[in-house]
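Colleague: Provided below for reference: sequence and predicted model.
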Amino acid sequence: MKIFVKGKYRQSIFSTDQGYHIGILKLTDTNSEIFSDFIGKTITFTGYFHELNLDDQYLFYGEEVEHPKYGLQFQVSEYERVKPEDRDGIIAFLSSDLFHGIGEKQAASIVDVLGKDTLNKILEDKNNLLLVPKLSQKKIDLIYQTLTKYEESYQMIVYLTELGFSMKDALSIYNTYKGHTLEKIEHNIYQLIDDIPDINFSKVDEISSKLGISYDDERRIKAVIVYIMKKMVFEKGDTYLQKEDIYDQVYHYLQFSIREEDFSIYLHELMNEDKIVIFEEDYYLKEEYEAEREIVYKFSLLLNRPKQKQEKSLEFLETLEKENHIHYNEKQKEAIQKALEENLLIITGGPGTGKTTIIKAILMLYKQMYDYTDEEMHQNLKLLAPTGRASKRMSESTNYPATTIHRFLKWNKENNSFSVNEWNKDPGKFFILDETSMIDTVLLSNLLKGI
């Protein structure tokens, strides 16, 4: 049995652009033993919603949860909007902010003429509103269009959740396509994977059969090829793949063979659709290909710039050794000096070979050579790492703030975008990246765009 709570939406506590809401519901009915004592009182609810209108009636399905900080809440997994059925409720609905320009008096006259089935009669035929005295054609159109849009958007969310999408995914899909949602899904449901972050192949492939898409449908096979390529790139760490390897993995997934000429056609169609790149005998995902080109281009720029020769670096380094009672070996000295002269430098070494010691020396020397204040160091110096743990360790060892690359680039998790980018670059002058073997191609490309 589904647990439900029913009531009037009274207040928003928190909401996001992606449809997540925390709000207050005045409870009128429930089958929950825990919430039964709250009938006539308010409760807190959380969940994803397409639209919530104050003072509208809702039926929420979900579960009772005990938040460690905020206490008892109702976590909504699906919901229904309860149309007002009594006279006062329909009048309040039609005179709400949803219907601009319709006052309480005019709403009352509409209900008096059309009765308790007012809303359904308007949806069936807007000309039923012609029966209402002193109601202009402009307002008739407004009421009908608003009510139709109100109903259609909700019904589409219901349709998507009934297909098998979560409420969060259903909202993402509807907010992306709006009135074209059904058209997009019927044309090619696999397009959702490319258009909407967090919509994964497995979920779409599972739902596609409900729409009558056969196991050997061309749209499915092409989606499988891209899915397999992404999986192989992630697992192998390669940016490009070989045709025969892709075919083997696709065959293994589909469990049926594809003629070689048909497979080649699919690959070239995917190339024409800008999803993959074929370069000689190598096959790339478009995003990986462009990221790799960006990295090569930016590294080439750095490597071709004149070096910043530091005449006094050795003298400064020797002073540094004396002041800190430390002795650097020749390899370490070379790394420290080159870090301040080269435009791009990679320092490698196994555990315990002194990489952290080198970073500390580089920073001390950098500050000394440019005679920077602490404030100027904070402005010009950026210490970055791929993980929170690595950035914390870096900060603790150097006494300078370090951060993750995602935080530095101001990553928006909801739409997988970065606020620091090629149009909004960070002004930092000197960057040290730790644990670079853990940084993937696309992230490194985005970092280079933003600096």
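Modeller: Everything's here; your move.
Colleague: pLDDT wise, what is the residue lying closest to N324 once chain neighbours are set aside at?
Modeller: Take N324 and drop its neighbours on the chain: the residue closest to it by Cβ to Cβ, 6 or more residues apart in numbering is M364, 7.8 Å away. Using the backbone N, CA and C atoms, a C-beta is placed for each residue, glycine as well. At M364, the model reports a pLDDT of 89.
Colleague: T403 versus M364, what's the distance?
Modeller: From M364 across to T403, the span is 20 Å (Cβ to Cβ, to the nearest Å).
Colleague: right, and the helix or strand after the helix or strand containing the residue nearest to N324?
Modeller: Using DSSP states H and E, M364 sits in helix 355-370. Note on helix 355-370: by DSSP H and E, the next helix or strand toward the C-terminus is helix 374-380.
Colleague: Need the residues that contact the helix or strand just after that following helix.
Modeller: Note on helix 374-380: by DSSP H and E, the next helix or strand toward the C-terminus is strand 381-385. If you take Cβ atoms under 8 Å, 6 or more residues apart in numbering as the criterion, strand 381-385 is touched by 363, 366, 391, 393-395, 398, 400-405, 408, 426, 428-435, 447, 451.
Colleague: how does it look with 7 Å?
Modeller: 391, 394-395, 398, 400-405, 408, 428, 430-435 (Cβ atoms under 7 Å, 6 or more residues apart in numbering).
Colleague: same question for it, mean pLDDT?
Modeller: pLDDT averaged over strand 381-385 gives 96.
Colleague: before we move on, what SS does the closest residue to N415 other than its chain neighbours have?
Modeller: Using Cβ to Cβ, 6+ apart and skipping residues adjacent in sequence, the residue nearest N415 is P197, 5.8 Å away. The three-state label for P197, taken from DSSP: H, G, I helix; E, B strand; the rest coil, comes out as coil.
Colleague: cool, and E414?
Modeller: coil.
Colleague: so what pLDDT did it get?
Modeller: 74.
Colleague: Likewise for G164?
Modeller: 88.
Colleague: Kindly calculate the angle that the helix holding M364 makes with strand 381-385.
Modeller: Angle between the axes of helix 355-370 and strand 381-385 is 170 degrees (criterion: axes from the mean of the first three to the mean of the last three Cα atoms, to 10 degrees).
Colleague: Give me the contacts around helix 355-370.
Modeller: 310, 313, 316-317, 320, 328, 332, 335-336, 339-340, 347, 349, 377, 397-398, 400, 430, 432.
Colleague: one more time with 6 Å
Modeller: Defining contact as Cβ atoms under 6 Å, 6 or more residues apart in numbering, one finds that helix 355-370 is touched by F316, L320, Q332, A335, I336, A339, G349, M377, S397, T398.
Colleague: for the residue of the chain most remote from its centre, what are its contacts?
Modeller: For the chain, the residue at maximal distance from the C-alpha centroid (Cα atoms, centre = their mean) is K322, at 50.9 Å. Contacts for K322 (Cβ under 6 Å, 6+ apart) come out as none.
Colleague: tell me which element it falls in.
Modeller: Counting by DSSP H and E, K322 is part of helix 313-324.
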